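>>> Here is the input, now give the coordinates:
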Amino acid sequence: DGQGSSPQPQRDCALVGGEALLTELADTEANRYLFEQWNGVAVSCITAALKHSCIPNCHVEARQNAAGALVLHAVALRDIPGGEQLTVCKVPVGLPLRERSALLHQRWSPKFTRLTGRRVSPRDSCRCPRCAFERSGLPTNERLDQKQEAKRKTGSGQKLSHDATIYELKLIANQAQELQRFHVAADIYKHIINIAQNDGEAWHGLGVCELSEGRWKIAHQTWARGVVQAPTNELLGLIQAKVAAYDLDNLITAPGRKFLFHSIGAEDGPTIKHSAFQTHGQPVLAKEECDNVIELAERAAESRGGWTTSRHYSVPTTDLDIHRSGHELLRWFNQTCKQKFFPLLQQQFGWKIRQPGDVKIHDAFIVKYSANAQRALPIHTDESELSLTVALNNSAEYEGGGTRFEDLPGKPIARPDIGHVVSFEGGQMPHAAQPITGGLRYVIAAFLYVDRDDGGVEASRTSAKGGS
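You can find the predicted model right below:
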């Protein structure tokens, strides 16, 4: 610049084929809605600078800035200890070991051979802890203890073999759980517990695996044992608080009411694998009830410093958890579940639910959508067996909105009016919240499981087509 300053060092950039980059980005739930109609080529310093790992601690997100341009961000997937290298997965994370290795070898080995003159086998394409684990399996207690002791003495994390540390094992198990490989994850969590019985994260993860396989009672027994072994673990404490808050056993059961409902996306259509329903006719909740819930939620938000936005990273919502939003709202919700919501679900999902008391609350919250803040949710599945959403305000008060079901014929959008309920098999059915373009939309969302003492009644399923 004529001032005698040194030239700035040139940054390494990579020209990444549009298909490869968009595949990597679209693998992230938060990005999918941005890339449904996109194709192209991108130059990305971020993807060039970040190293590869099959258990990454970051992913790349595309966000639109105020000017409407797409900007790439590296976003942490978990808390990252100081000194740990930032990594992303540059192949689809759900692929098995052989396919990941082959794809990495195909993508990077020609460049390695050109630079070094040496050839690399697919087996050596990635040496991350996950690949090493999948090649060798669970380490013996003796070898794991040796590795942990070496890491403690040297402070370097020196590897004595391909065995993983407890920290690495938890990362591998957490990822297997996210990929719905629950048996794999559960085996790893059990192995960790055998070594360190006070590891609350492992107890929590094991219970999540059991819950995800429909074993509600066993999962809660696991968590109760975990609280004894790790009484200060925050996640286990939160579960215990929810169990106490959503105890419906002593509440009054109202006389049975028959609800009117119809099947979504299956009226006179093909047989579908999973079911979704929407009520019609007389609303399940009266307008006065809905207005009161919104008022209580806004009052709770004001007392807590605002609505929360960070409880679910992969599918973030602007919400309030009901069990911590005041006694009056919690009492109303519990009573309404027992008298209205659960009897409705029993009528709709009779092949799952023998009696309303079999339904258990895993999580429940009030969601607030705004055209100026939280507008929509990307395609996702819920941490639930059954999910329900309840419209709390009139559909004329906002534009857009509704729940879109990706796997149902025609991708129908359920947009119920005030007081009506949409219920579906949330853990199995990909769905998304349609953007609202004006106004405010309030809904109750609840994630539910069915408590089966005999391991389930799914085999006797008969599809419900409607209510009388």
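>>> residues touching Gly426, list them.
By Cβ atoms under 8 Å, 6 or more residues apart in numbering, the residues touching Gly426 are Thr381, Asp382, Ser384, Glu385, Leu386, Ser387, Phe447. C-beta here means a position set from N, CA and C on the backbone, and glycine is covered the same way.
>>> Return the backbone torsion pair for the last one.
The main-chain torsion angles of Phe447 are listed as degrees, to the nearest 10 and equal phi -110, psi 120.
>>> Spatially, what comes nearest to Gly401 if we skip its sequence neighbours?
Closest residue in space to Gly401, ignoring its immediate chain neighbours: Ile436 at 4.3 Å, by Cβ to Cβ, 6 or more residues apart in numbering.
>>> what's across from Phe405 in the sheet?
Under DSSP bridges, the beta-bridge partners of Phe405 are His431.
>>> Leaving out the residues flanking it, which one is nearest to Ser125?
Leu104 (3.8 Å).
>>> Let me fix that, I meant to ask about Leu251.
Of all residues not flanking Leu251 in the chain, Lys338 sits nearest, at 4.8 Å (Cβ to Cβ, 6+ apart).
>>> Doesn't the one you found belong to a helix?
Yes - according to DSSP: H, G, I helix; E, B strand; the rest coil, Lys338 belongs to a helix.
>>> low pLDDT regions in the stretch 201-350 of the chain?
Along the stretch 201-350 of the chain, the parts satisfying pLDDT under 70 run over 252, 254-256, 266-274, 310-316.
>>> hmm, try it at 80
250-257, 266-274, 309-317 (pLDDT under 80).
>>> Please enumerate the strands of it.
Using DSSP state E, counting those that start in this stretch, the strands of the stretch 201-350 of the chain run over 261-263, 276-279, 319-321.
>>> cool, and the stretch 1-150 of the chain?
Ranges of strands in the stretch 1-150 of the chain, per DSSP E, counting those that start in this stretch, are 14-16, 42-44, 51-52, 58-64, 70-76, 87-88.
>>> Name the residues of the fifth one that come out as buried.
Burial within strand 70-76, assessed by neighbour count using 16 or more other Cβ atoms under 10 Å, is assigned to Leu72, Ala74.
>>> Now do that strand and strand 58-64, the angle between them.
Per axes from the mean of the first three to the mean of the last three Cα atoms, to 10 degrees, the angle that strand 70-76 makes with strand 58-64 is 150 degrees.
>>> Can we start the residue count at 124 from this point?
Will do, 124 is the new start, and the previous item becomes strand 193-199.
>>> circling back: right, and the strands of the stretch 324-473 of the chain - which one's nearest Tyr369?
Closest to Tyr369 of the strands of the stretch 324-473 of the chain, according to Cβ to Cβ: strand 442-444, at 11.0 Å.
>>> Now name the helix or strand holding the residue nearest to Val307 when sequence neighbours are not counted.
Closest residue to Val307 apart from its sequence neighbours, by Cβ to Cβ, 6+ apart: Ala299 at 4.4 Å. Element membership for Ala299, per DSSP states H and E: helix 289-301.
>>> follow-up on the earlier one: ramachandran angles for the residue nearest to Gly524?
Backbone torsions of Ile559, given as degrees, to the nearest 10, read phi -100, psi 140.
>>> List the contacts of it.
By Cβ under 8 Å, 6+ apart, the residues touching Ile559 are Tyr492, Ser493, Ala494, Arg498, Ala499, Tyr521, Glu522, Gly523, Gly524.
>>> I'd say the fifth one and Pro558 touch.
Yes - judged on Cβ atoms under 8 Å, Ala499 makes contact with Pro558 at a distance of 3.9 Å.
>>> Out of the contacts of Gly549, give me the two with the largest separation.
Spatially, the most separated pair among the contacts of Gly549 is Thr504 and Leu509, at 12.2 Å (Cβ to Cβ).
>>> Looking at the two, which is more packed in?
Looking at Thr504 and Leu509 with other Cβ atoms under 10 Å, you find the greater number of neighbours at Leu509, namely 26 against 17.
>>> residue contacts, the more buried one?
By Cβ under 8 Å, 6+ apart, the contact list for Leu509 reads Leu468, Phe472, Lys475, Val482, Ser546, Phe547, Glu548, Gly549, Leu571, Tyr572, Val573.
>>> Now render the strands of the stretch 124-273 of the chain as JSON lines, adding mean pLDDT.
Below are these laid out as JSON lines (pLDDT from 0 to 100):
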{"stretch": "strand 137-139", "mean pLDDT": "38"}
{"stretch": "strand 165-167", "mean pLDDT": "69"}
{"stretch": "strand 174-175", "mean pLDDT": "90"}
{"stretch": "strand 181-187", "mean pLDDT": "79"}
{"stretch": "strand 193-199", "mean pLDDT": "80"}
{"stretch": "strand 210-211", "mean pLDDT": "90"}
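>>> Lovely, talk soon.
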